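A.B. asks: here is my input; please provide its structure:
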Amino acid sequence: MKTFAIIPAAGKGRRSGQLTPKQYIKFAGKELIVYTLEVFQKNKSVNEIIVAVHPDYFALLEKVRKKYRLTKISKIVKGGKERQDSVYNALLSIDADQNDLVAVHDAARPLLPQKILTDAILTARKKGNALVCIKAKDTLVKGTDIVETYIDRENVFYVQTPQVFRYKDLMRSMETAYAADFYATDESMLIKNLGMNINIVEGSISNFKVTTEDDLEFLQSFFKK
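C.D. replies: Numbering: from 1, shown residues only. This next block holds a predicted model:
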């Protein structure tokens, strides 16, 4: 059983307030996406990496693949308009058996611990899929300008990546979604749309997604230290 890692990296990252998409901003002289790719490069359970990017960044990805010896990158494919389109394009590009695993991970989560990645893959091998999450610890409220109601946090989780699924299940979930003109915010929602159970794997606060200017500032400070 092989494990393919798909890294959708075609987003423009408007919320970061930067002209350059956040995944290509340099931290300590290295593009953010390189840190992410190195996590998968170093993991013994990952066989291939496929990166979905905007065509404007094909040359950059080729450059960093050679510079940082990211030998597991087997394909760099054209990203789509939405995240779902990018993942689907990557899925179409791989030569996978039906029961091979596909791990989808955000390009802007560069601090993914190896143990969490390995745990997610091992869980998916055993149970068919795995969703990395962290349990909500803070008080949760719902409202706009004022608090409308409080949400019981007992069974509430923040979803992270990687999200690992069997190739056949993820492909079927994509095809089902497109047939219904349905776009999900992540792959787990597509799998759930098939009526399948999804297994939760404990994540980490360090595995945060770089989204805002504050996140960028924190990461710059982290790598300087």
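A.B. asks: report the contact partners of Q160.
C.D. replies: Contact analysis of Q160 by C-beta atoms under 8 Å, 6 or more residues apart in numbering lists R109, V132, C133, I134, G203, N207, K209. The C-beta positions use only the backbone N, C-alpha and C, and glycine is treated the same way.
A.B. asks: distance of it relative to N207?
C.D. replies: Between Q160 and N207 the distance is 5 Å, computed by C-beta to C-beta, to the nearest Å.
A.B. asks: what sits in contact with each of these two?
C.D. replies: Residues touching both Q160 and N207 (C-beta under 8 Å, 6+ apart): R109, V132, I134.
A.B. asks: show the average pLDDT along the host helix or strand of the last one.
C.D. replies: Here I134 sits within strand 129-135, counting by DSSP states H and E. Strand 129-135 shows an average pLDDT of 97 in the prediction.
A.B. asks: which residues touch the residue sitting furthest away from the middle of the chain?
C.D. replies: What lies farthest from the middle of the chain is I146; by C-alpha atoms, centre = their mean that is 32.7 Å. Residues near I146 by C-beta under 8 Å, 6+ apart: none.
A.B. asks: the one 3 residues further on now?
C.D. replies: Applying C-beta under 8 Å, 6+ apart to T149 gives the contacts V141, K142, G143.
A.B. asks: angles on the backbone of the residue nearest to E48 when sequence neighbours are not counted, please.
C.D. replies: Of all residues not flanking E48 in the chain, S74 sits nearest, at 4.3 Å (C-beta to C-beta, 6 or more residues apart in numbering). With angles defined as degrees, to the nearest 10, S74 sits at phi -90, psi -30.
A.B. asks: doesn't V46 make contact with S74?
C.D. replies: No: counting by C-beta atoms under 8 Å, S74 does not reach V46; the two are 11.0 Å apart.
A.B. asks: so between these two, which is more surrounded?
C.D. replies: With neighbours defined as other C-beta atoms under 10 Å, S74 and V46 compare such that V46 has more, 21 against 15.
A.B. asks: contacts only, for that one.
C.D. replies: Applying C-beta under 8 Å, 6+ apart, the residues near V46 are T3, F4, A5, F40, K72, A103, L117, I121.
A.B. asks: state whether it is indeed within a helix.
C.D. replies: No: if the criterion is DSSP: H, G, I helix; E, B strand; the rest coil, then V46 is coil and not within a helix.
A.B. asks: what are the ranges of the strands in the chain?
C.D. replies: Ranges of strands in the chain, per DSSP state E, are 3-9, 26-27, 30-31, 48-53, 73-78, 101-104, 129-135, 140-143, 147-151, 157-166, 200-202.
A.B. asks: neighbours of Y68, how many?
C.D. replies: 16.
A.B. asks: quick one, phi/psi of it?
C.D. replies: For Y68, the backbone dihedrals (degrees, to the nearest 10) come out as phi -100, psi 10.
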